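In: fold the following and give me the result.
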Amino acid sequence: MKLLALLILVAFFIGCDDEKVKPSINTALKVEELPAQESWNSKVFFTDSGKTKAVLHAGHLKMFTGARETLLDSNIRVEFYNDLETIATTLTSKRGKVDDITRNLYAIDSVVAVNDSGITLITQELMWRNDDRKIVSNKFVTILTSVEKIEGYGFESDQSLDNYVIYNVTYVSKRDTL
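Out: Residues are numbered from 1 along each chain as shown. Got it, this is the predicted structure:
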């Protein structure tokens, strides 16, 4: 019994070591490149004087404090509200970003906006300016209404898509001939 206790005691002291185990550190990883916050299935509200102006739905968002932007991906949907606080326009895209200083929203890739009258805007990229609530793009756009199809480059509209301008029109046709 004493021999067994002695062997256990010797094994214990042999197993102890003064060398401290240090974890490996990845020096290639930069903290500034990591998001400060990350969220899934999120809702972000844009308000002014207590009234909802827009609601952003994102499957995944990453907020970067250094760059002061929030990157959005996976099922982006934005609902724009009118003065009566009812949804006037719904915008969808595959990805986007929000400038955290100006609160401007950039929709990127397969962007479609449809207002409550059925006017549809299709483009690859646009920006919603928070300060004046305008939708703008310098890319190729297509507007579909109940009576016509208009295509061109450069676009500006109110967020309800009721008053819009295409700056360089390249194609116009009546809808009944489509």
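
In: for this structure, what spans make up the helices?
Out: Listed in chain order, the helices of the chain (DSSP state H) span residues 2-15.

In: for the most centrally placed residue in it, give its distance to Met63.
Out: In the chain, the residue lying closest to the centroid (Cα atoms, centre = their mean) is Leu72, at 2.6 Å. As judged by Cβ to Cβ, to the nearest Å, Leu72 and Met63 stand 10 Å apart. The C-beta positions use only the backbone N, C-alpha and C, and glycine is treated the same way.

In: and for Asp48?
Out: 21 Å.

In: next: Lys139.
Out: Relative to Met63, and taking Cβ to Cβ, Lys139 is found at 26 Å.

In: and these two? which has more neighbours close in?
Out: Met63 (17 against 13; other Cβ atoms under 10 Å).

In: how about the more buried one, nearest residue that isn't a chain neighbour?
Out: Spatial nearest neighbour of Met63, chain neighbours left out: Gln37 (4.2 Å); criterion: Cβ to Cβ, 6 or more residues apart in numbering.

In: could you list the low-pLDDT ranges of the chain?
Out: Counting by pLDDT under 70, the chain has low-confidence residues at 1-20, 29-32, 176-178.

In: again, only using 50
Out: 178 (pLDDT under 50).
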